[in-house]
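**Q** quick one: sequence and predicted model below, then my questions.
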Amino acid sequence: MTVEACIPAFCQGIQSFGQSLPDFDRYGKEAVITEKNTAIASASDPSAVYQTLLAADALRYLTLQTTASKESGHPGGFASIADAIASLVMLGYKNTVTEVGHHAPGFYSNMFLDRSLEDMGIHTVQQLGDRFREMHGLLGHLSGQIPGLLGPAGPLGQGQHFAMAGAKLHPGTLFPVTIGDGGLGEPYIMSSFGHFHTAYPQITNFLPILVWNGYSQEHHSMVSTKSNAEMINYWQGNGFKKVILVNAKDFDDANQPGEYVDSTQFSFAKRLEFTQAILEATDQAAKSALGGTLTVLIVKQLKGAGVHKRGAQSHNLYPGDSLEKDYIVSALKERALSPEAWQLVRTNFERAGGGPASHQVVTESELPLADLGQLPLTEFPIGEKKVATTVMGELVVHVGKKDPNFVVTNADGNAASGINNINIGLKIVHPTVDDTYFQGPSGQVYEPLSEDACAGLAVGLTLFGARSLWCSYESFAVNGLPIWQTVTQAMTELRRPTPSTITLFTAGALEQGRNGWTHQRPEIENYFAAMMRNGNIFPVFPCDANGIQVCYEWALQTKNKGITITASKSPLPIRTTLEQNRQGLEDGGMVLYEKEGNKKVVFAVIGDMTLTPVFDAATQLEAEGVGVKIVSVINPRRLYRPQDVLWETCKEADGHFLDDAGFERLFGGDALIGVIGGGSALLEPLMLRSNAKRDIFAWKRGETTATAGQLMAFNGLTSDALRDRALQLLA
């Protein structure tokens, strides 16, 4: 029989094969995870230790060959934690997420070995490299669209949110999350752990695994100077009761300099000792986390262990770092396994956890949702004044009482946004019971002071299949938007439906006059305007309390979308009916007022408070015989042309746009003026489609003022200015 005939089919494309490692005949005779089991029987079993070492080498090999096949990607960081990843798999744990997007090729290698990637047509090592960093393949940073992977990873400081969301929704399931020591400098990570554990002390089934390798992507990490004792104290000081640290330096018999060493340079006997220490520590940490103790596992090993370079130089491959480069070839040969060893690793990985992760992890199926029944909408009479946010709060309470998984997050306080009724109805989750502040340990309102922690838990829950609502002041929401955007982008490509991530942004700039420009940042609306072209982003702007109910009712029925609801917390007049708003959501807007005249100016208004000067301007124009139409633009995404938006490729695609006849019906006139109290970009669809003479009145800059009217005047949003510009356009 030829050597080629002995090579497993999945190994096609492997650059180098090696000889069997010492004692393979003794410890590698058969897969240690037997056909009827889902994990190794003991972390101390010599065969389990031996085969875990093989698995770590296989992960390093695939990570390096895959990245080198494209002369691009990040092998070094994952290489330093490959032993722990292999240990998790051998112990049967596959619901693993990461904070480090740069570990993507390692995670893909993991999913390749357990056959998850076969679900996307990747069967061989050759195909793994061919489709790395290619469209419809394995993108450069993690995405939840890849079979078996639970969540995306890009910006640092985010992955822990997914682990905590998973732990909350799935008690008894372990959610490990790898955290890079470069990313540990982000303040979000420890603060989000701290608040979550204070709010939910009984939820400990998430396991941070610190990749302490001494380097970030271009230099030493900022925590590289900490001693072991200081690092342990740091985690203990942030509430972790059990801190388990495995230091490769303790096993080094190669006399490597420095505090961070490479375990692949040890003698084979010491490599096995180190692997056993990692395997036993991972087992101990997992059982501790599942047993009710807040636990962290720290693995201290040099970045780039076992690949082409060490330290920050191992982080990234550059053009020229090909499969023919001498140091790439040398590293692959050092890690090369025999065909028999490759088959052994593959068998263990596909049996671990009950099968490929793509068929086992919690995000591979839809989470059952509680039936909300009929939402208790209230139709208020036109002319009555109501606080829109408070009215929506009543619906939010209904959702929370029907759905125990539902969580509301808010950093600046619900009471400050006119939604204290949410606190009253659902209670703030807090270890201290105090009825004065409507708080207690079983509450559903999550209130850390970090917008990242608010947005992170909210979007993590929706990505994992549950409902949530992130509430924020419009001014401060920008601090939580990176993870919100990460998840909404992931939702466009998920292979399953999941509830849309919904936000309520209140306390807009016009309501924050006395607070000054520090609380006046409506430019955030331009962020959403740009995201509308993604295809699954819908910023909506109800103009009254009836409208906000319809917007929330609609949002709850949608899947895989990002929906921002922006509204005032001031009592404002009811201008519309529920049915008008339902039609307005479909069409993008609705006519609030129309009167004929010699010529007609159309005011297209986004927002609620901005309607006041527009109606005043209408009165003045009518006195001069000018016809006026006032349109409330509720859902500007509907006003784009289909070709303006990349909607076709979105999961749960929404391709409904207002046609030309409908656009003319709403906005047809002799002149068009778009009015918004925030960023002007939301009016882009109107400016693209209208053929009338047109202009925009929008936010320019903040200032301290006594009233909303004074602040609008500072920005040129007055009835006189609107009247004068309308007359100029009509002339």
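**A** Looks like it came in fine. Residues are numbered from 1 along each chain as shown.
**Q** element containing the nearest residue to Tyr640 once chain neighbours are set aside, please.
**A** The shortest distance from Tyr640 to any non-neighbouring residue, by C-beta to C-beta, 6 or more residues apart in numbering, is to Pro685 (4.6 Å). C-beta: built from backbone N, CA, C; applies to glycine. Taking DSSP states H and E as the definition, one finds Pro685 inside helix 684-689.
**Q** that helix: which residues count as buried?
**A** Within helix 684-689, the residues that count as buried by 16 or more other C-beta atoms under 10 Å are Glu684, Pro685, Leu686, Arg689.
**Q** now do the second one, the pLDDT please.
**A** As summarised for this prediction, Pro685 has a pLDDT of 97.
**Q** cool, and the last one?
**A** At Arg689 the predicted local distance difference test score is 96.
**Q** right, and it touches Gln643 too?
**A** No: in this structure, Arg689 sits apart from Gln643 without contact. The criterion is C-beta atoms under 8 Å, and the distance is 11.8 Å.
**Q** center of the protein - which residue?
**A** In the chain, the centroid-proximal residue (C-alpha atoms, centre = their mean) is Val487; its distance is 3.3 Å.
**Q** what residues are up against that residue?
**A** Contacts for Val487 (C-beta atoms under 8 Å, 6 or more residues apart in numbering) come out as Pro152, Val459, Gly460, Thr462, Leu463, Thr501, Gly562.
**Q** just these: which are in helices?
**A** Mapping the contacts of Val487 onto helices (DSSP state H) picks out Val459, Gly460, Thr462, Leu463.
**Q** nearest to Leu169, of the contacts of Val487?
**A** Nearest to Leu169 among the contacts of Val487 is Gly460, at 9.2 Å by C-beta to C-beta.
**Q** what's the burial count for the closest one?
**A** For Gly460, the tally of surrounding residues (other C-beta atoms under 10 Å) stands at 30.
**Q** try Asp326
**A** When neighbours are counted by other C-beta under 10 Å, Asp326 registers 8.
**Q** what bits of the stretch 1-150 of the chain have low per-residue confidence?
**A** 1-5 (pLDDT under 70).
**Q** ranges for the strands of it?
**A** With strands called from DSSP state E, counting those that start in this stretch, the stretch 1-150 of the chain shows them at 97-98.
**Q** how is the protein carved up into domains?
**A** Domain assignment for the chain by automatic domain parsing gives 3-364, 385-730.
**Q** residues contacting Arg514?
**A** By C-beta under 8 Å, 6+ apart, the contact list for Arg514 reads Thr704, Thr705, Ala706.
**Q** thinking again about what came up before, quick check: closest non-adjacent residue to the residue nearest to the centre of the chain.
**A** The shortest distance from Val487 to any residue other than its chain neighbours is 3.9 Å, reached at Val459 (C-beta to C-beta, 6+ apart).
**Q** show me the contacts for that neighbour.
**A** Residues near Val459 by C-beta under 8 Å, 6+ apart: His161, Ser468, Trp470, Ile483, Trp484, Thr486, Val487, Thr488, Thr501.
**Q** and these, which two are furthest apart?
**A** Spatially, the most separated pair among the contacts of Val459 is Ser468 and Thr486, at 15.2 Å (C-beta to C-beta).
**Q** higher neighbour count, those two?
**A** Set side by side, Ser468 and Thr486 give different neighbour counts by other C-beta under 10 Å, the larger being at Ser468 (29 against 25).
**Q** this completes my enquiry, with thanks.
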